[in-house]
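**Q** fold the following, please.
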Amino acid sequence: MTYEEAMEICHINTEIQSLKAELAQHEDNRRYYRTTLLSDMPRAKGAHISPTDEHLIKEQQLKEMLRYCMDRLQDELLEFEKFLSGVEDAEVRTILRLRCVNNMGWGQIGDRMHMDRRTASRKFQRFFAEGS
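**A** Got it, this is the predicted structure:
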């Protein structure tokens, strides 16, 4: 596994956090809209879409994007766990897990591992520089 592949999990985690925050904000704004009464009547061509419908469409899109990211994260995590099982150094394996899977910052990792944040970062970088 390359550095870029490992960091992809971090990026997906960040994207999921962003989508969750956007969806929560969007759902908070929902209270200002009334629900739309749907009928079987077709809309005229070029008909105006109500703000409520636009809001619900946007909310559905956000939920679908979040679902896609969560599925993608699960696939990446399975691959990463297979990769981690081949890492022999327990300390490096823990640093990799905390950084990529738990999406922790270097300061948090250093505190957890009882080392300086730069030491944890260097071990992470050295692991990928040496070719795993």
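**Q** average pLDDT for the longest helix along the chain?
**A** Looking only at the chain and at elements set by DSSP state H, the helix with the highest residue count is helix 51-84. Predicted confidence along helix 51-84 averages 89 (mean pLDDT).
**Q** flag every buried residue along it.
**A** When neighbours are counted by 16 or more other Cβ atoms under 10 Å, the buried residues of helix 51-84 are found to be 55, 62, 66, 69, 73, 76-77, 80, 83-84. For every residue, glycine as well, the C-beta is placed using N, CA and C.
**Q** I'd like those as a markdown table, with distance to V101 appended.
**A** A markdown table is the format used below for these (distance: Cβ to Cβ, whole Å):
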| residue | distance to V101 |
| --- | --- |
| H55 | 35 |
| L62 | 24 |
| L66 | 19 |
| C69 | 15 |
| L73 | 10 |
| E76 | 10 |
| L77 | 7 |
| F80 | 7 |
| F83 | 11 |
| L84 | 8 |
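**Q** in terms of helices and strands, where is the closest residue in space to E76 that isn't next to it in sequence?
**A** Once its chain neighbours are removed from consideration, E76 has its nearest residue in I9; the separation is 5.0 Å (Cβ to Cβ, 6 or more residues apart in numbering). For I9, the enclosing helix or strand under DSSP states H and E is helix 3-29.
**Q** tell me the contacts of G110?
**A** Contacts here follow Cβ atoms under 8 Å, 6 or more residues apart in numbering; on that basis G110 touches 116-120.
**Q** mind checking which of the residues you listed are buried?
**A** Applying 16+ other Cβ under 10 Å to the contacts of G110, the neighbour count classes A120 as buried.
**Q** closest one of the contacts of G110 to T94?
**A** A120 (9.5 Å; Cβ to Cβ).
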